[in-house]
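Got a predicted structure plus its sequence, pasted below:
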Amino acid sequence: MVGRALIFRGEATFAHSKIEIRNSTMIVVVTGASQGIGQAIAEAFADRDGAQIVLAARSADALESVAASYRDHGGEALVVPTDVTDDEAVAEMADTVQSEWGVPDVLVNNAGLFRHAPLDELTLDGFREQLDVNLTGTFAVTQAFLPAMRKRGTGHLFFMGSVASIQTYPGNAGYCAAKHGVRGLARVVREETKDEGLRVTTVLPGATYTPTWDGVDLPEERFMPPEDIARSIVDAYHLSDRTVLEELVLRPQAGDV
Ligand SMILES: NC(=O)c1ccc[n+]([C@@H]2O[C@H](COP(=O)([O-])OP(=O)(O)OC[C@H]3O[C@@H](n4cnc5c(N)ncnc54)[C@H](OP(=O)(O)O)[C@@H]3O)[C@@H](O)[C@H]2O)c1
């Protein structure tokens, strides 16, 4: 379901950085923006570009708390609680964004779900759930925004894959299948839109320190900080229009955990 869309304007101090939001008409949509890598991406675009940020995920409370951090610096955040597996909600979210603000300059398909289960423990529902959120949800959100971005002829789409898009890990059947699919989807979007002024980047991070890893007995230092993933995405956006960073592989310095 889609909840109410709220526009916040004001000052903010983000948890990870102090920002000064400049006037901008750049619109950035981030799914899975309520925590972790998605929150860091939203903050990085706000910090670097003073972008207007659309925050989407299921939890309205968590999104509102991320959005509230914009108030003190005069930034604008549009909170659109959305489950990416709900087709109607996704369509409604895209309508809300485009009627409130317009066509996004950047779409970050980041919402994702990971469940560890060896094959003999992975249920059909558990497999489907990971495909639905990571892959089908990404397709639905892309399909909801792509026609308008194509029509305008500019924009950058980011797809959140994983090292599990290019490598396989035991206990990751659902996740690896979904993330391999995300990479395939992104590459097709790239091929179909490269002559239309759109840029497509697939992001393939390894272990990144977010709530996904809660309960895992490893030191924080063994993981990448989500801010590094976010900074790489913003850097990719800022390349000249003549260049696209098609794929971005990031790993902890010491390798996979
Ligand atoms: N952390 C890592 O090590 C790592 C490595 C490689 C790739 N990734 C990928 O990076 C992305 C973000 O990961 P993360 O570690 O930041 O995860 P996280 O902390 O678990 O955050 C996941 C985000 O996705 C949202 N989400 C989950 N299900 C959703 C749904 N059905 N509809 C809309 N939003 C949904 C969550 O919000 P709600 O629960 O409120 O909906 C949350 O905002 C994912 O695609 C993940 O696969 C992560």
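Arrived safely, thanks for sending. Residues are numbered from 1 along each chain as shown.

Show me the contact partners of stretch 208-228.
Outside stretch 208-228, the residues within contact range by C-beta atoms under 8 Å, 6 or more residues apart in numbering are 16-17, 35-37, 39-40, 43-44, 114, 205-207, 229, 250-252, 254, 257. All C-beta spots, glycine's among them, are computed from the backbone N, C-alpha and C.

Give me the buried subset of those.
Neighbour counting with 16 or more other C-beta atoms under 10 Å marks 35-37, 39-40, 43-44, 114, 205-207, 229, 252 as buried within the contacts of stretch 208-228.

other SSEs contacting the one helix or strand Gly38 maps to?
Taking DSSP states H and E as the definition, one finds Gly38 inside helix 36-49. Packing partners of helix 36-49 (3 or more C-beta pairs under 8 Å, 6 or more residues apart in numbering; DSSP states H and E): strand 27-31, strand 52-56, strand 106-109, helix 226-237.

and it, anywhere near the ligand?
Yes: Helix 36-49 is in contact with the ligand by C-beta under 6 Å from any ligand atom, via Gly36, Ile37, Gly38.

Show me which residues of the stretch 1-150 of the chain are close to the ligand?
With C-beta under 6 Å from any ligand atom as the criterion, the stretch 1-150 of the chain comes near the ligand at residues 31-38, 57-59, 62, 82-85, 110-114, 133, 137.

Just the buried residues of the helix ranked longest in the chain, please?
Determined from DSSP state H, the single longest helix within the chain is helix 173-193. In terms of neighbour count (16+ other C-beta under 10 Å), helix 173-193 has its buried residues at 173-183, 185-186, 189-190, 193.

Find the closest residue to the ligand in the stretch 51-200 of the chain.
Gly112 (2.1 Å; C-beta to the nearest ligand atom).

If we ignore the residues flanking it in sequence, what's nearest that residue?
Spatial nearest neighbour of Gly112, chain neighbours left out: Asn134 (4.9 Å); criterion: C-beta to C-beta, 6 or more residues apart in numbering.

Touching, that neighbour and Lys179? I think so.
Yes: Asn134 lies in contact with Lys179 (C-beta atoms under 8 Å); the separation is 6.3 Å.

circling back to that earlier point, closest to Ser99 among the residues of helix 36-49 next to the ligand?
Nearest to Ser99 among those: Gly38, at 23.0 Å, using C-beta to C-beta.

residue contacts, that closest one?
Gly38 sits next to Val30, Thr31, Gly32, Ala57, Val108, Asn110, Ala111 when contact means C-beta under 8 Å, 6+ apart.

Out of those residues, who's the most crowded?
Val30 (33 neighbours; other C-beta atoms under 10 Å).

With Ala68 as the reference, measure out to it.
In this structure, Val30 and Ala68 are 16 Å apart, going by C-beta to C-beta, to the nearest Å.

before we move on, the earlier item: how about a markdown table for the helices and strands packed on helix 36-49, with distance to Glu100 and mean pLDDT added?
Listed next are these as a markdown table, based on distance: least, C-beta to C-beta, whole Å; pLDDT from 0 to 100:
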| stretch | distance to Glu100 | mean pLDDT |
| --- | --- | --- |
| strand 27-31 | 10 | 98 |
| strand 52-56 | 9 | 96 |
| strand 106-109 | 16 | 99 |
| helix 226-237 | 22 | 98 |
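
distance between the ends of stretch 109-122?
The distance separating the two terminal residues of stretch 109-122, taken as C-alpha to C-alpha, to the nearest Å, comes to 25 Å.

Stretch 212-232 now?
Stretch 212-232 has an end-to-end distance of 20 Å (criterion: C-alpha to C-alpha).
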